[in-house]
Each structure stands twice: as structure tokens, then as C-alpha cells.
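# 3D model of this:
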Amino acid sequence: MTKLSVNINKIATLRNARQGDIPNVKSAAINCELFGADGITVHPRPDERHIRYKDVIEIRPVIKTEFNIEGYPSSKFIALVLAVKPDQVTLVPDAHDAITSNAGWDTVKYRIFLTEMITTFRKEGIKTSLFVDTEPVNIEYAALTGTDRVELYTEPYATLFTRDASEAVAPFIRAAEIARDAGLGLNAGHDLNLENLSYFHKNIPWLAEVSIGHALISDALYLGLENTIQIYKRQLAG
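Below is the predicted model of the structure:
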């Protein structure tokens, strides 16, 4: 069964709006796991506009499932990951001022850089994943870096899904097959939601993990966090 990792960045965004501690991010991580999440994802950015570096350090001891830290491998980010030692680190090519992740790695151009980063993390026993698009060459070169997994950037799928689901998923099926043939584990994330997740999973049933934050936390405002997590998990059960 494909695992659901809940990205709790948006909970931190809500907390930061009032500069207090409500909602409490650490409690949210604990509750997400209690409610059935298979993992917790955080994506600290340099400006700490949502998840703060301090949050990451405080959350780590309470995570009982999988702790996944996403981010661009700056020196500060690398130091955080090595100090915290999450189960998985997902490297993304975000600019420092990016609102959200909006592109995958050019693994041809950055192959040496990524190989060095992955070697550093794997020496500490940290599983690695690279955020990539569906271009075959980027997946093929990702495999040459020594990464354990790739995470497919699914915004293009989500954007096209309502107009033509079959066309939307086709390049992702091909990319997933290339990743599988290369011996890479497969994650996916970005704009996956209750409308498009089940179809994506049915077409790529060997997905190891999906990371979902914005849509899931938004749905939880209406449906409740526990109920929402269970609904999302049912989309991955078929």
C-alpha cells in the first residue's frame, strides 16, 4: 500500500499568522500520526515563513513513523538534516524566495552536485529522494546520483486532470516505469487532492509514498483532520 506522508507546513503558516503557538505544530504532527498518517513531511525555507528550523528539531523526537525533510541543500539546510537525521531527505531545486516548489531538478546539469549531497546524507543513514519532472533524462540521471528514490512533481498532472485525466497521467506512468526500471523507489507530490489522487494511484500502483499538505489541511477545515487523513488513505487503498 502506498504510504501517506502529511506535510504540516500549512499548520505552521496558520500559527505564524498570530505569532503565537496556536495551532501547536508539534501536537499536530503527533495527531496526524495518531489519525493514521504513515509519515510527516516538513519543508523549512530560509525565511522560515511556515515551518521553522526550531520546529524541525522539536518535532523529530516525537515522530514514530517516517520523518521526511524537504528543501534546497543550502549549507544551513544540510547542517539541519545532519543534526536531526530524518528518515528521508527530499532535495528540491527551490529558489530561496519560491512560494512553493514549482520545478524538478535538472539532474544532468547538477549531477555532480547532487551526487555529493546524496553521498553526504547516505553516509549518515538517511534515505534520499530527488524532486524531478517527467522528462526521462532527468530520471535516468537521477539514478546515476545514487539516490534511493525520486519524487515526481505532480502539478502538471493536477492542472490537466479536470480536462483530460488520461492525457494528464500518461507522462507520469512513463516516468514511473523508467524510475522502476532504474531501480529507484517512487514518491509523488504537489497538488494531489481528493479529486485526482485515486486515479493517479490506480495508474501507478507501485508508488511508495505521496506527500500531501495544502489540499489535505484545507480539506481538514471542513471534514476534520482525523476524518480527512482516513479519506486520503482510502484513495490509496485500491
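# and the helix or strand containing Ile112, average pLDDT?
For Ile112, the element it lies in under DSSP states H and E is helix 111-123. Mean pLDDT, helix 111-123: 97.
# the helices in this structure, which residues?
Counting by DSSP state H, the chain has helices at residues 9-16, 25-34, 53-59, 75-84, 111-123, 136-144, 155-161, 165-181, 197-203, 214-223, 225-235.
# Show me what the helix holding Ile112 is packed up against.
helix 75-84, strand 88-91, strand 127-132, helix 136-144 (3 or more C-beta pairs under 8 Å, 6 or more residues apart in numbering; DSSP states H and E). Where you see a C-beta, it was placed from the backbone N, CA and C, and this is true even at glycine.
# Switch the ones you listed over to CSV; also include mean neighbour count and mean pLDDT.
Shown next, in CSV, are these (neighbours: other C-beta atoms under 10 Å; pLDDT from 0 to 100):
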stretch, mean neighbour count, mean pLDDT
helix 75-84, 15, 97
strand 88-91, 27, 98
strand 127-132, 24, 98
helix 136-144, 19, 97
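# Let me have these in JSON lines, extended by distance to Asp191.
Output for the helices and strands packed on helix 111-123, formatted as JSON lines (distance: least, C-beta to C-beta, whole Å):
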{"stretch": "helix 75-84", "distance to Asp191": "23"}
{"stretch": "strand 88-91", "distance to Asp191": "16"}
{"stretch": "strand 127-132", "distance to Asp191": "14"}
{"stretch": "helix 136-144", "distance to Asp191": "19"}
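# beta partners for the residue nearest in space to the middle of the chain?
By C-alpha atoms, centre = their mean, the chain has its centre lying nearest to Ser211, at 4.1 Å. Assessed by DSSP bridges, Ser211 has beta-bridge partners Ser5, Gly189.
# how near is it to Asp181?
Per C-beta to C-beta, to the nearest Å, Ser211 is found 23 Å from Asp181.
# can you check Ala37 too?
Separation of Ala37 from Asp181 (C-beta to C-beta): 30 Å.
# list the contacts for the nearest residue to Ala182 once chain neighbours are set aside?
Spatial nearest neighbour of Ala182, chain neighbours left out: Ala143 (3.9 Å); criterion: C-beta to C-beta, 6 or more residues apart in numbering. Contacts for Ala143 (C-beta atoms under 8 Å, 6 or more residues apart in numbering) come out as 179, 182-184.
# just to revisit the earlier point, which one of Ala37 and Asp181 is surrounded by more residues?
Set Ala37 next to Asp181 and count neighbours by other C-beta atoms under 10 Å: Ala37 wins out with 25 against 11.
# Correct me if wrong: the more buried one contacts Ile8.
No: the criterion here is C-beta atoms under 8 Å, and Ala37 misses it with Ile8 at 9.3 Å.
# Thr41: which of the helices of the chain is closest?
When the helices of the chain are compared by C-beta to C-beta, helix 9-16 sits nearest Thr41, at 8.1 Å.
# And the residue lying closest to Ile139 once chain neighbours are set aside, how far from Asn138?
In space, and not counting its chain neighbours, Ile139 is closest to Ile178: 4.8 Å by C-beta to C-beta, 6+ apart. Ile178 sits 10 Å away from Asn138, going by C-beta to C-beta.
# now swap in Phe67 and tell me
26 Å.
# So the residue lying closest to Asp94 once chain neighbours are set aside versus Val92, what's the distance?
Nearest in space to Asp94, with sequence neighbours left out and distances taken as C-beta to C-beta, 6+ apart, is Tyr72 at 4.8 Å. Tyr72 is 6 Å from Val92, where distance means C-beta to C-beta.
# ok, those two, which is more surrounded?
Set side by side, Tyr72 and Val92 show more neighbours around Val92, with 23 against 19, by other C-beta under 10 Å.
# Contact partners for the more buried one?
43, 70-72, 101, 105, 131.
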